[in-house]
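*Asks:* Mind folding the following:
(chains A and B)
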There are 2 protein chains.
Amino acid sequence: MTSNSCNYHLTEKTAKLLATDLLPYKESAGPQTKEFLQKVIDVLMDFVRATNDRNEKVLDFHHPEEMFRILDLDIPEKGLPLQQLIKDCETTLKYQVKTGHPRFFNQLSCGLDLVSMAGEWLTATANTNMFTYEIAPVFILMERVVLTHMRELIGWNGGDSILAPGGSISNLYAFLAARHKMFPGYKEKGSSVIPGELVMFTSDQSHYSVKSCASVGGLGTDNCVMVPSDLNGKMVPRELERLIIERKSKGQIPFFVTATAGTTVLGAFDPINEIADICEKYNCWLHVDAAWGGGLLLSKKYRHPRLSGIERAKSVTWNPHKLMGALLQCSTIHFKEDGLLISCNQMSAEYLFMTDKLYDVQYDTGDKVIQCGRHNDVFKLWLQWRAKGSEGFEKHMDRLMELTEYMVKRLRTMPDKYYLIMEPECVNVSFWYIPRRLRGIIHDAKREAELGKICPILKARMMQSGTLMVGYQPDDRRPNFFRSIISSAAVTEGDVDFMLAEFDRLGQDL
Amino acid sequence: MTSNSCNYHLTEKTAKLLATDLLPYKESAGPQTKEFLQKVIDVLMDFVRATNDRNEKVLDFHHPEEMFRILDLDIPEKGLPLQQLIKDCETTLKYQVKTGHPRFFNQLSCGLDLVSMAGEWLTATANTNMFTYEIAPVFILMERVVLTHMRELIGWNGGDSILAPGGSISNLYAFLAARHKMFPGYKEKGSSVIPGELVMFTSDQSHYSVKSCASVGGLGTDNCVMVPSDLNGKMVPRELERLIIERKSKGQIPFFVTATAGTTVLGAFDPINEIADICEKYNCWLHVDAAWGGGLLLSKKYRHPRLSGIERAKSVTWNPHKLMGALLQCSTIHFKEDGLLISCNQMSAEYLFMTDKLYDVQYDTGDKVIQCGRHNDVFKLWLQWRAKGSEGFEKHMDRLMELTEYMVKRLRTMPDKYYLIMEPECVNVSFWYIPRRLRGIIHDAKREAELGKICPILKARMMQSGTLMVGYQPDDRRPNFFRSIISSAAVTEGDVDFMLAEFDRLGQDL
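*Replies:* Here you go, the predicted structure:
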């Protein structure tokens, strides 16, 4: 914003106006207000166009210090004119990463679903809070419809659900409900009501938010036991049982087991049915973290065996902002038993959630949540579901999996250049790129270490060239490796081909 | 949506298209995509116009069962055409409450700041996640700039902050950081590291989310001690000290005190300096919940004495989506000490937050939060601050207080019709409306009970007439009473006059 140029010009008169010359400050300001908002939309429309243009870069990378120099981020003493605000919008998007670009394979949330985006625009304009029917009547009913439908897809009749700000908070809701249900006095008395320490279990591949529950909830992370997983990243049920017995023998109280349906890195699905058997045997609450893999519930082809047994869980996290492509954020937490959310979380704030209203207050959600105010995350999802239909979502899932299979097939045709780490169960493809000097030699720990070292360098080249983004990370048994995610409707076979060619262009000399 | 009419017509060809006929599904679909999005914007522009039109109703009330009949909320098997989606948007807004209408006095978050709204539109289109600089470079830097500036307004150099999904979660962050700082082993070992129960303190007027921390964190709500407040709703410091001593004598460990700067109902400000003295004496962490009153930090006129001493706190919650009028959600939590957020919340998920990236990873925020993914709540606030300048925000605060004083003055001129419960310190005005039959009689407990009974009836009439929304609630010393909030830039003296006249029109016969 050091340059003064802006490609989006307001009329001369409007350009110099201030925000206080618009509605609601001046009653006659309708036309200028509309002109200003429309110009913002013009900026956004061009970003949408650029996002969908393969000739445009995914990003224009600059280091933070450099970015601070390029941008004018200052908070001024006096308000800036409308034309400057338009320029601010333009510049912001110029340096923003296009997460909806067909060559963005970097996160579990990729893509820019335009119906969901339109929904989020409306959500902003409606600017309401989801705590009561009183001020969000339509959205509260939509939430009921959508969440009931999602519970049916899990395989439940009845139950209760809520939209939460991200999968981590959704998992926390599950943890809290489990503790409350199994130790009803805990809410008021805390840990003093039980004769021992509570212990929870999750796989060593699970999302770190599960462990975070143990910290937030006061158990301590040492009481979140990491159950070993097999070579495919799936929790080993007999290890779970062994660890439960071990902890019980120490006088601790196992109470909560999280099975992951779609792990963050490898996309592995824990064997839910076997884990459910163990939970029943040892009286543990089974939570399924399907934040990532939940979308496959929409596909007849891929639901089984991956998510078989999910209906036996007592709670399920499922993030539509991941595989389903809803805009960020859109995360849901579901409970098989109705009434738990309110009994666990209500603080009976009679001053906020009165029961003597003119309408049936069972529709109010404020007292069920740990948030009080809650962003409206349902409209974008509801509108998207209307647009796609359940059939459309099923096609979307099958297409993402088809593209993933295409990518795996392509990798297999180039074993000199690519080392596929495992056959994926989800749209995560884990692999190493092999530069020239490491081709045709034995794949041992030494080569893995070398391949790991090139990941950050190759990623840096990608970002600096701006043509592609694919993530990398180490895990507990490997050095750095690449993990490509195909969760955007924008991706085609051609983009997969481009990705692989680009790795080779940027990395062969490493 | 039972009727087929829609006021916003796409061209005949586009109307029948499906979402899968748009970008990114069809590369040549730019024009149709633009037409569809522009039509959504037309719907939103008309809602903005209606929101700012005093001849339009605030809401069109229907009971939930009736609303279910009026609306078509079904999730279809097959996707619906674009024209239906436009109609869905139109119908949704038709039945949505206009929280930005000048006669909406119902919540702490009122108003529709159009620059903030434009910011939220851009946020939706940029659709990114705030966990790394890698995918949100501009927004991450904006967050730093805005939060640093807010800490300076609190009176701190240095420190650390984060945007969180609502004030309740912000308060939870403070609770967690306090516990972690004072009992470093708690994160790993849980309550077993300390020789007694932790106890926290807050006023009986505080937001219920403070108590919720005790439940979530495993202390139990019985260990959140409610300190009595005076007749103006302010915490009584000597009661705080008495209760700390009482709990200590039982072997419990007082560690966390929340002072509220702007209570939810009465808008009271706890005496921070006196509370800070007690916290120092008894080694307790002082948290100030200024979710509501924090905005007054921007006003030289109103900052003191209300928020005097806030710089002595170790953490402060401040919600720009309240007095500052940023769109929902926009909540911040600030810490005087840097490094606490990361040390408290990091789970060292090396697979997500690598340290071998090409840029300086101190900019990544993912490992500082309990959320992992985090919505971009900063852009709308940053853009709004650019538009208003700090001077503009100060004027906004002073104007809201001026209107509040106007309302109080008007109430005082009509003592037969209105009973002012107390002189407000914030923009909350607490009062009873007195119908004809209760005028000119002694104001005793019996009359209060009668006045309390009419609140729900009068509120129901308001909602059914659709002309006005003002909230009511009981508190611990009174039956139901009205609480009007002036936190919208749309409100004028004329709207206050309208409010009072409308109470009389709708309620005099009660």
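
*Asks:* got a list of what A:Ile253 touches?
*Replies:* With C-beta atoms under 8 Å, 6 or more residues apart in numbering or on different chains as the criterion, the residues that contact A:Ile253 are A:Ile194, A:Gly196, A:Glu197, A:Leu198, A:Val199. Heads up, the C-betas are built off the backbone N, CA and C, glycines and all.

*Asks:* A:Asp72: which element?
*Replies:* When elements are assigned from DSSP states H and E, A:Asp72 belongs to no helix and no strand.

*Asks:* Can you get me a residue count around it?
*Replies:* A count of neighbours around A:Asp72, defined by other C-beta atoms under 10 Å in any protein chain shown, yields 15.

*Asks:* State the pLDDT value of it.
*Replies:* The per-residue pLDDT reported for A:Asp72 equals 98.

*Asks:* Pull the number of nearby residues for the closest residue to A:Asn7 other than its chain neighbours.
*Replies:* Distances taken as C-beta to C-beta, 6 or more residues apart in numbering or on different chains place A:Glu90 nearest to A:Asn7, at 6.4 Å, with adjacent residues excluded. A:Glu90 sits with 21 neighbouring residues when counted by other C-beta under 10 Å.

*Asks:* A:Glu90 is in contact with A:Lys39, isn't it?
*Replies:* No. Using C-beta atoms under 8 Å as the test, A:Glu90 is too far from A:Lys39 to be in contact (9.7 Å).

*Asks:* related to what we said a few turns ago, closest to B:Ala326 out of the contacts of A:Ile253?
*Replies:* A:Leu198 (39.0 Å; C-beta to C-beta).

*Asks:* Run through the bridge partners of the closest one.
*Replies:* Applying DSSP bridges to A:Leu198 yields these beta-bridge partners: A:Ile253.

*Asks:* returning to what we had before: tell me how far the residue nearest to A:Asn7 lies from B:Ser249.
*Replies:* When distances are taken as C-beta to C-beta, to the nearest Å, A:Glu90 and B:Ser249 turn out to be 64 Å apart.

*Asks:* residues touching the residue nearest to A:Asn7, list them.
*Replies:* Taking C-beta under 8 Å, 6+ apart as the test, what A:Glu90 contacts is A:Cys6, A:Asn7, A:Tyr8, A:Val43.

*Asks:* anything in contact with each of A:Glu90 and A:Lys39?
*Replies:* A:Tyr8.

*Asks:* what comes into contact with stretch A:435-448?
*Replies:* Taking C-beta under 8 Å, 6+ apart as the rule, stretch A:435-448 contacts A:416-417, A:419, A:432, A:450-451, A:454, A:478-479, A:507-510.

*Asks:* tell me the two of these that are most distant?
*Replies:* With distance counted by C-beta to C-beta, no two of these lie farther apart than A:Arg478 and A:Asp509, which are 23.4 Å apart.

*Asks:* more crowded one of those two?
*Replies:* A:Arg478 (17 against 8).

*Asks:* Look up the pLDDT of the more buried one for me, please.
*Replies:* What the model reports as pLDDT for A:Arg478 is 95.

*Asks:* host element of the closest residue in space to it that isn't next to it in sequence?
*Replies:* For A:Arg478, ignoring the flanking residues on the chain, the nearest one in space by C-beta to C-beta, 6+ apart is A:Glu448 at 6.4 Å. In this structure, A:Glu448 is located in helix A:445-465 according to DSSP H and E.

*Asks:* which parts of that helix are buried?
*Replies:* Within helix A:445-465, the residues scored as buried using 16 or more other C-beta atoms under 10 Å in any protein chain shown are A:448, A:450-452, A:454-456, A:458-463.

*Asks:* With stretch A:361-370 instead?
*Replies:* Applying a neighbour-count criterion of 16+ other C-beta under 10 Å, one finds A:Val361, A:Tyr363, A:Asp364, A:Thr365, A:Gly366, A:Asp367, A:Lys368, A:Val369, A:Ile370 buried in stretch A:361-370.

*Asks:* could you give me the average pLDDT of that stretch?
*Replies:* For stretch A:361-370, the mean confidence score works out to 91.

*Asks:* Could you check how far the longest helix belonging to chain A is from the centre of its chain?
*Replies:* When chain A is scanned for its longest helix (criterion: DSSP state H), the result is helix A:379-413. Here the centre of helix A:379-413 is set off from its chain's centre by 16 Å, with C-alpha atoms, centre = their mean, to the nearest Å.

*Asks:* Can that helix be said to contact chain B?
*Replies:* Yes. Against chain B, helix A:379-413 shows contacts by C-beta under 8 Å from any C-beta of the partner chain at A:Phe379, A:Trp382, A:Leu383, A:Gln384, A:Trp385, A:Arg386, A:Ala387, A:Lys388, A:Gly389, A:Ser390, A:Glu391, A:Gly392.
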